[in-house]
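A.B. asks: Just the structure for this:
(one chain, ligands or ions: 1)
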Amino acid sequence: MSRDSLGRHVLVEFFGCSPEILNDVVAIEHAMLTAAEKAGATIINSTFHHFSPFGVSGVVVVQESHLAIHTWPEYGYAAVDIFTCGEPVDPWAAYHYLKKALEADSGAALEMHRGQLDILSKYPGWELSENGYPQQVLSPTITRNVWFTERHEYIAQSFRHRGDVVYRKQSDYQKIEIYDTYAYGKMLVLDGIVQTSEKDEFIYHEMIAHPAMQLLGEDVERILIVGGGDGGTVRELCRYTHVKHIDVVEIDKDVVEASRKYLPSISYALDDERVHIHHTDGIKFVHSADSEHYDLVIVDSSDPVGPSKGLFSTEFHRNIYRILENGGIMIAQSESPFFKPDLFIDFYDMLEDIYSEEKVFPYFVFIPTYPTGMWSFAMAIKGNRHPIKDFDEEKARQFVDEHRLRYYNPEIHRAAFAMPNFVKEMLDVREHA
Ligand code: SPD
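C.D. replies: From the prediction side, this is the model:
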């Protein structure tokens, strides 16, 4: 090309692309960065976002201008701009690469010459480098701006991550992903829902385990965890030497494998000899378990969608009641009164039907990575314990100090059971605490 303009702008339409690729922010970012390299451009930085419900937009800023993309997965369509200046950079190399990378059936492109030199005249004092192109940027800093978003109907939360997915697999039950986020470290995501992260997991896992364990004291030998394949709950329970046997019923072996490999600080206790992992359906397991067999049952589930749906059902919880020893405790993650108010109310109604109103106690935690931040656990007691009256504060303090727990302590134990007024109203609470 003879140099008749400052830049070349190729406006591209790609048709018949793979919808999966067009909806995958990581794949699109990777394709666009590679396209910039293929064009011979020098990458300065990139920013890419995934939109609700579908689509990705992003820009790669290169020393020689930019590449931009907007995708419509539902139409298999992508609009791409490739704008370059400087002879050595070839926008068409980017075009051909992207056509393959997006698996497009066809592409249409229009090249415009931007800044035609025959109609421009240079201002004095604004000389360019010898060859007439912009000066080279010395040691460009490459930054990437790639986000995972947990999306719901009315709210969403985004986490910036390092750009490459650490782990991704469509298992037999769900889509499992692990991202390396800047704010929370590695983060386990199931079907688009954040489960746990290296930096805030201690809140959830200490609080699902220790309130009940401190209440049960030495009276706990056999424990069942339904779900919990990441191993965080097991890790907390294994701190208690008097516990003899823990069954972990995690339907999805890939969750366990991924956690073992990529989240060792959470999962290491899965190798404790007292832990027995069963890759089977928790509902069936509980259905066929012996009556009055467990001192503690913990339902460490995901939200009530996909494989976790049945873990919020009446039949499942009736069976848990049956398999609990007299005096035993059931703990379940019970979502957020803000995020899913109807489900929250129904769940507590159901537990009160089974255990009686005086034996069901919601308690609350703050979890930064979950929608609304406010989360809850249900404690349901078969027998005559009370979470505050029977709480041995001194023993708990010793345990907390010995294990250097980071969230749970005697003050938190008491405070967690305090109910905000709006929750009391939701649950129609007549004081029994
Ligand atoms: N909104 C997500 C709730 C997930 C609760 N389960 C997390 C499992 C951690 N062991």
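
A.B. asks: contacts and neighbour counts: CA atoms only from here.
C.D. replies: Noted.

A.B. asks: From the contact counts, what lies against the helix or strand of the chain with the lowest mean pLDDT?
C.D. replies: Within the chain, no helix or strand scores below strand 143-151, which has a mean of 86 by mean pLDDT, DSSP states H and E. For strand 143-151, the packing partners by 3 or more Cα pairs under 8 Å, 6 or more residues apart in numbering; DSSP states H and E come out as helix 25-38, strand 43-50, strand 156-161.

A.B. asks: following the second one, which helix or strand shows up next?
C.D. replies: Using DSSP states H and E, the next helix or strand after strand 43-50 towards the C-terminus is strand 56-62.

A.B. asks: what's the next helix or strand after that next one in contact with?
C.D. replies: Next helix or strand after strand 56-62 toward the C-terminus (DSSP H and E): strand 65-72. By Cα atoms under 8 Å, 6 or more residues apart in numbering, the residues outside strand 65-72 that reach it are 19, 22-23, 32, 36, 54-61, 77-85.

A.B. asks: Tell me which of the helices and strands packed on strand 143-151 lies nearest to the ligand.
C.D. replies: Nearest of these to the ligand, taken as Cα to the nearest ligand atom: strand 156-161 at 11.3 Å.

A.B. asks: And that closest one, how far out from the chain middle?
C.D. replies: Offset of strand 156-161 from its chain centre (Cα atoms, centre = their mean, to the nearest Å): 9 Å.

A.B. asks: Quick check: what element follows that strand along the chain?
C.D. replies: The helix or strand immediately downstream of strand 156-161 is strand 167-170, counting by DSSP H and E.

A.B. asks: Take that next one, keep the C-alpha atoms, and write them as PDB.
C.D. replies: Provided in PDB are the C-alpha atoms of strand 167-170 (Å, rounded to 0.1, in the frame of the first residue of the first chain):
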ATOM      1  CA  TYR A 167     -10.000 -24.600  35.200                       C
ATOM      2  CA  ARG A 168     -13.200 -25.100  33.200                       C
ATOM      3  CA  LYS A 169     -15.200 -28.300  32.600                       C
ATOM      4  CA  GLN A 170     -18.700 -29.100  31.800                       C
END
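
A.B. asks: Between strand 156-161 and the helix or strand following it, find me the angle.
C.D. replies: Using DSSP H and E, the helix or strand that follows strand 167-170 in sequence is strand 175-181. Interaxial angle of strand 175-181 relative to strand 156-161 (axes from the mean of the first three to the mean of the last three Cα atoms, to 10 degrees): 60 degrees.

A.B. asks: Let the chain start at 292 from now.
C.D. replies: Fine by me, first position is 292 from now on; the one you just mentioned is strand 466-472.

A.B. asks: distance of whichever residue of the stretch 292-441 of the chain sits closest to the ligand from Arg435?
C.D. replies: Closest contact between the stretch 292-441 of the chain and the ligand, by Cα to the nearest ligand atom, is at Glu441 (9.4 Å). Here the criterion is Cα to Cα, to the nearest Å. By it, Glu441 lies 20 Å from Arg435.

A.B. asks: just Arg613 next, same as before
C.D. replies: Distance, Arg613 to Arg435, by Cα to Cα: 53 Å.

A.B. asks: In the stretch 492-641 of the chain, where is pLDDT below threshold?
C.D. replies: Within the stretch 492-641 of the chain, no stretch has pLDDT under 70.

A.B. asks: Okay, and the nearest residue to Val303 once chain neighbours are set aside sits in which element?
C.D. replies: With Cα to Cα, 6 or more residues apart in numbering as the criterion, Val303 has its nearest non-adjacent residue at 4.4 Å, and that residue is Ala400. For Ala400, the host element (DSSP H and E) is strand 397-407.

A.B. asks: picking up where we left off before, considering the helices and strands packed on strand 434-442, which stretch scores lowest in mean pLDDT?
C.D. replies: Of all those, mean pLDDT reaches its minimum on strand 334-341 (a mean of 88).

A.B. asks: Go through that strand and flag the buried ones.
C.D. replies: Neighbour counts over strand 334-341 (16 or more other Cα atoms under 10 Å) mark 334-341 as buried.

A.B. asks: Quick one: those as a markdown table, columns for distance to the ligand too.
C.D. replies: Conversion of those to a markdown table gives the following (distance: Cα to the nearest ligand atom, whole Å):
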| residue | distance to the ligand |
| --- | --- |
| Ile334 | 37 |
| Ile335 | 36 |
| Asn336 | 32 |
| Ser337 | 30 |
| Thr338 | 27 |
| Phe339 | 24 |
| His340 | 22 |
| His341 | 20 |
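
A.B. asks: helix, strand or coil for His608?
C.D. replies: Using DSSP: H, G, I helix; E, B strand; the rest coil, the structure places His608 in helix.

A.B. asks: ok, now which ones touch it?
C.D. replies: Shown in contact with His608 (Cα under 8 Å, 6+ apart): 602, 642, 645.

A.B. asks: State the distance from it to the ligand.
C.D. replies: Distance, His608 to the ligand, by Cα to the nearest ligand atom, to the nearest Å: 17 Å.

A.B. asks: which parts of the stretch 592-724 of the chain sit against the ligand?
C.D. replies: For the stretch 592-724 of the chain, the residues found near the ligand under the criterion Cα under 6 Å from any ligand atom are 592-594, 661.

A.B. asks: circling back to that earlier point, which strand residues bridge the residue of the stretch 292-441 of the chain closest to the ligand?
C.D. replies: Per DSSP bridges, the residues bridged to Glu441 are Gln448.

A.B. asks: for Val353, same thing?
C.D. replies: Ile334, Ser356.

A.B. asks: Contact partners for it?
C.D. replies: By Cα under 8 Å, 6+ apart, the contact set of Val353 is 327, 332-336.

A.B. asks: Local confidence estimate at it?
C.D. replies: 91.

A.B. asks: Sort out for me which of the residues of the stretch 592-724 of the chain next to the ligand are in helices.
C.D. replies: With helices taken from DSSP state H, there is no overlap with these.
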